[in-house]
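Engineer: sequence below, structure please.
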Amino acid sequence: MANNLSLVILAGGMGSRYNGQKQIDPIGPSRESLMEYSIFDAFSIGVQHFVFIINQQFDIETKKYFQHIIERNGGSVEFILQTTYTGVSRGIYDTIEHRKKPWGTGHALLIAKNHLTNPFIVINADDFYGQKAFQKANELVQQELILANRYGMVAYKLENTLSENGAVSRGICTVEDELLKLVIERTNIFRDEEGIVMYEEENANFVLDAESLVSMNFWILHPSIFRSLEDKFNQFLKENSSQLKSEFYLPKVINDMIKEDQLEVIVKKSNENWFGMTYPEDREVVVNSIRDLVDDQKYPKSLWT
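Structural biologist: Numbering: from 1, shown residues only. Sure, this is the predicted structure:
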């Protein structure tokens with residue numbers, strides 16, 4: 001069932017805490033990377049167009065591999081290289097010459113603006129979202145609920161997104177009547193010795209509701225977002241071009257659009273476990289989780305044969 005829905009995969013992150021190129025780390029029983037499960041799930045809802053935002057470590061052989069599996073399954077694929085200079089005015093080149101990394105998820109999506117003309121899903125390459133997330137996204141699109149002033153998001157329960165191996169950052173969502181009102185970024189979220197979910201701020205610990213909904217960067221967007229992304233990125237560069245580590249985040253752009261009454265975002269909740277690879281120790285958890293899903297026949301042992 002082909003449709004006009006595209007999948008944008010943000011595969012340009014460097015994975016500083018993971019100490020490796022986690023986007024293509026083989027974790028499936030047939031050496032599949034984590035994003036291949038998202039590609040498989042996208043195909044299952046009829047997605048035929050795939051856009052990868054990549055870094056320079058995403059080499060030719062890796063591109064050939066993904067091109068092969070996508071085209072063999074009837075899809076089309078594009079690769080867009082995100083660098084510090086991509087989509088940036090030449091007038092500020094001198095001020096960013098010492099910056100070593102691109103500008104974040106908002107910048108990553110912005111550089112795909114000429115490649116997307118219909119609603120699209122945006123995901124992180126190194127996260128596992130589950131089949132239900134893609135199904136909910138497709139329902140929103142098929143019901144024609146994704147419009148120029150209305151987007152979608154799949155949210156997860158906080159307790160289903162934590163790492164056993166260290167603190168994490170999460171966007172805690174305020175949701176009313178299935179509409180997103182606010183996303184507050186909390187850092188240093190962890191479980192204490194009694195299993196209570198906490199976050200640390202200014203050397204003090206605060207309790208979080210484990211049932212809170214969090215954004216894991218699974219968005220269902222309309223091409224209208226590119227107007228706001230472009231305006232806000234230009235303003236961001238005016239204020240931050242000399243900063244070596246400032247990042248232009250997609251969730252903040254969406255948050256600001258909601259505050260400015262430009263946008264509403266429908267929130268669909270997934271009760272499935274989200275998992276990803278923040279720390280090297282997370283890899284074993286992810287491998288075991290995928291194996292359990294294969295054993296439960298949620299996925300074939302080999303995705304592409």
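
Engineer: residues contacting the spatially closest residue to residue 150 that is not a sequence neighbour?
Structural biologist: Among residues not flanking residue 150 along the chain, residue 264 sits closest, at 5.3 Å (CB to CB, 6 or more residues apart in numbering). Glycine gets a C-beta too; all of them are placed from N, C-alpha and C. When contacts are counted by CB atoms under 8 Å, 6 or more residues apart in numbering, residue 264 is found next to 149-151, 179-180, 258.

Engineer: if we go to 7 Å?
Structural biologist: Contacts here follow CB atoms under 7 Å, 6 or more residues apart in numbering; on that basis residue 264 touches 149-150, 179, 258.

Engineer: helices of the stretch 51-200 of the chain, start to end?
Structural biologist: Defined through DSSP state H, counting those that start in this stretch, the helices belonging to the stretch 51-200 of the chain, from first to last, are 60-72, 105-110, 131-142.

Engineer: mind exporting the first one as PDB, just the C-alpha atoms?
Structural biologist: Written as PDB, here are the backbone C-alpha positions of helix 60-72 (Å, rounded to 0.1, in the frame of the first residue of the first chain):
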ATOM      1  CA  ILE A  60      30.000   5.000   0.500                       C
ATOM      2  CA  GLU A  61      29.700   1.300   1.400                       C
ATOM      3  CA  THR A  62      27.100   2.100   4.100                       C
ATOM      4  CA  LYS A  63      25.100   4.200   1.600                       C
ATOM      5  CA  LYS A  64      25.200   1.400  -0.900                       C
ATOM      6  CA  TYR A  65      24.000  -1.000   1.700                       C
ATOM      7  CA  PHE A  66      20.900   1.100   2.600                       C
ATOM      8  CA  GLN A  67      20.300   2.000  -1.000                       C
ATOM      9  CA  HIS A  68      20.200  -1.600  -1.900                       C
ATOM     10  CA  ILE A  69      17.800  -2.800   0.800                       C
ATOM     11  CA  ILE A  70      15.400   0.200   0.200                       C
ATOM     12  CA  GLU A  71      15.400   0.000  -3.600                       C
ATOM     13  CA  ARG A  72      15.100  -3.800  -3.500                       C
END
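
Engineer: quick one: closest of the helices of the stretch 51-200 of the chain to residue 213.
Structural biologist: Within the helices of the stretch 51-200 of the chain, the stretch nearest residue 213 is helix 131-142; the backing value is 13.1 Å (CB to CB).

Engineer: report all helices and strands that that closest one contacts.
Structural biologist: Other elements packing on helix 131-142 under the criterion 3 or more CB pairs under 7 Å, 6 or more residues apart in numbering; DSSP states H and E are helix 34-44, strand 150-157, strand 213-221, strand 264-270.

Engineer: residues near residue 93, how many?
Structural biologist: Other residues lying near residue 93 total 12 when counted by other CB atoms under 10 Å.

Engineer: do you have the strands of the stretch 51-200 of the chain handy? List them.
Structural biologist: Secondary structure of the stretch 51-200 of the chain by DSSP state E, counting those that start in this stretch: the strands cover 76-81, 120-124, 127-128, 150-157, 168-176, 179-191, 197-201.

Engineer: packing partners for the third one?
Structural biologist: In terms of contact count using 3+ CB pairs under 7 Å, 6+ apart, strand 127-128 is assigned the packing partners strand 275-276.
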